[in-house]
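Chemist: Got a sequence here, can you build the structure:
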Amino acid sequence: RALLGYVAQHILTALERKQHQAELEARVAERTAELGQANLVLRGEVQERQRGERLQAALFRIAELSSTTDTLESFYASVHAIVGGLLDARNFFIALLSEDGSELDFPYSVDERDPSRPRRRLAKGLTEYVLRTARPLLANRAEVERLAEAGEVQSFGAPSVFWLGVPLMVEEQAVGVIAVQSYSPDHLFSSRDQELLTFVSYHIATGLVRKRAQESLRQAYAELERRVEERTGELAETNRELRDQIGERERVEMRLKHQALHDALTGLPNRACLLDRLGQALIRHRRDDSHRFGVLFLDLDRFKVVNDSVGHLVGDELLKQVAQRFASVCGNAIVARLGADELAALIASLDDSPAAADIRE
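Modeler: Here you go, the predicted model:
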């Protein structure tokens, strides 16, 4: 009964250790799964950032197709040069509607008779007429006079012989006008010139959208960069916590493994550890008969008397001293505690350690 009680106590201890180990592994596995899910979310956000960068690069390439310049001013000048190579554009200007729609600005203007075009409030000029109708206008002086008599337009600046203007359309709304005019009957415009200027107006409108999109993209990119940096920092912190938890789990596993194979009082290997090493020695011996090993058994007589007379604390100290001395005598042998007052030593190789008989003496 005492033996069964002793065995039951060890079984209960082993079961508790197993249960604690299983609970720890379950908690670590649950936390690992949570961290893995967070990692997947962060990876998705990083991929979203990468997709935003690829979108930005694509926008830049599209912008390069319509312009080889970086600013709208140089872009307008380049457009003027291109138009001048295709038709008579010595008198050329670009007009843009203000944000509130009350004024007309001229960011680019080259004219023989009107060197400057100041910003003005909306009136009934030919430019405003194109803005209202959102359609191209090709008119000679007679047509301009007819529109003026009808009250549709009024003249601003030097009168022209031929005037051609097309709207700049953004999201189906006229936001500006590109126009050329001639002060000489030797240089007239045709419907083909109108088509050409209309085509050019699409590029100018694209340039305007590009500039506005770049500003919006910079703000979005800054916001995205900030969010990604925050999420990246959270991911780094999460990974650090995960590494700490994994390290703690490894340390706990090592402690549990050590406790499962060693005696808590003397620190010596226990019966399970000795049996495992003994099994390995038997396997080596079966493979090679020349490999010899020895086993010594030590039992302390009347150890119960010590416990009963001077107490268990003194008895435990006696066991520690006996275990240390027995281990020092056995040299490289594996010394284990089998029971309360029982010790054993496994000499794994009689060639490398003192002979079993010498240790016994």
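Chemist: From now on I want contacts and neighbour counts done on CA atoms only, so please keep to that.
Modeler: Fine.
Chemist: next helix or strand past the longest helix anywhere in the chain?
Modeler: Secondary structure assigned by DSSP state H gives helix 191-261 as the longest helix of the chain. For helix 191-261, the succeeding helix or strand toward the C-terminus, using DSSP states H and E, is helix 271-287.
Chemist: what does whichever helix or strand comes after that next one rub up against?
Modeler: Per DSSP H and E, the first helix or strand lying C-terminal to helix 271-287 is strand 294-299. Where contact means Cα atoms under 8 Å, 6 or more residues apart in numbering, the residues beyond strand 294-299 that reach it are Asp341, Glu342, Leu343, Ala344, Ala345, Leu346, Ile347, Ala348, Ser349, Leu350, Ala356, Arg360.
Chemist: Mind checking what helix or strand follows strand 294-299 in sequence?
Modeler: Using DSSP H and E, the helix or strand that follows strand 294-299 towards the C-terminus is helix 303-310.
Chemist: Residues contacting that following helix, please?
Modeler: Around helix 303-310, the neighbours that count as contacts under Cα under 8 Å, 6+ apart are His312, Leu313, Val314, Gly315, Asp341.
Chemist: Now intersect those with the helices, please.
Modeler: When the contacts of helix 303-310 are checked against helices (DSSP H), the matches are His312, Leu313, Val314, Gly315.
Chemist: Output the contacting helices and strands for the host helix or strand of Glu45.
Modeler: Glu45 belongs to helix 2-66 when assigned by DSSP H and E. Taking 3 or more Cα pairs under 8 Å, 6 or more residues apart in numbering; DSSP states H and E as the contact definition, the neighbouring helices and strands of helix 2-66 are helix 191-261.
Chemist: Now do the helix it packs on against helix 2-66, angle only.
Modeler: Between the axes of helix 191-261 and helix 2-66, defined by axes from the mean of the first three to the mean of the last three Cα atoms, to 10 degrees, the angle is 170 degrees.
Chemist: So what's the gap between helix 191-261 and the chain middle?
Modeler: The chain centre lies 6 Å from the centre of helix 191-261; the measure is Cα atoms, centre = their mean, to the nearest Å.
Chemist: What of stretch 262-282?
Modeler: Averaged C-alpha coordinates place stretch 262-282 at 49 Å from its chain's average position (Cα atoms, centre = their mean).
Chemist: what's it in contact with?
Modeler: 261, 293, 316, 319-320, 323, 334-339, 346, 348.
Chemist: C-alpha coordinates for the helix or strand where Val130 lies, PDB please?
Modeler: Here Val130 sits within helix 126-133, counting by DSSP H and E. What follows is the C-alpha trace of helix 126-133 in PDB, where atoms were taken according to Å, rounded to 0.1, in the frame of the first residue of the first chain:
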ATOM      1  CA  LEU A 126     -15.900  85.000 -76.800                       C
ATOM      2  CA  THR A 127     -14.100  82.900 -74.100                       C
ATOM      3  CA  GLU A 128     -17.100  83.100 -71.800                       C
ATOM      4  CA  TYR A 129     -19.400  82.100 -74.700                       C
ATOM      5  CA  VAL A 130     -17.400  78.900 -75.200                       C
ATOM      6  CA  LEU A 131     -17.500  78.200 -71.500                       C
ATOM      7  CA  ARG A 132     -21.300  78.700 -71.400                       C
ATOM      8  CA  THR A 133     -22.000  76.500 -74.400                       C
END
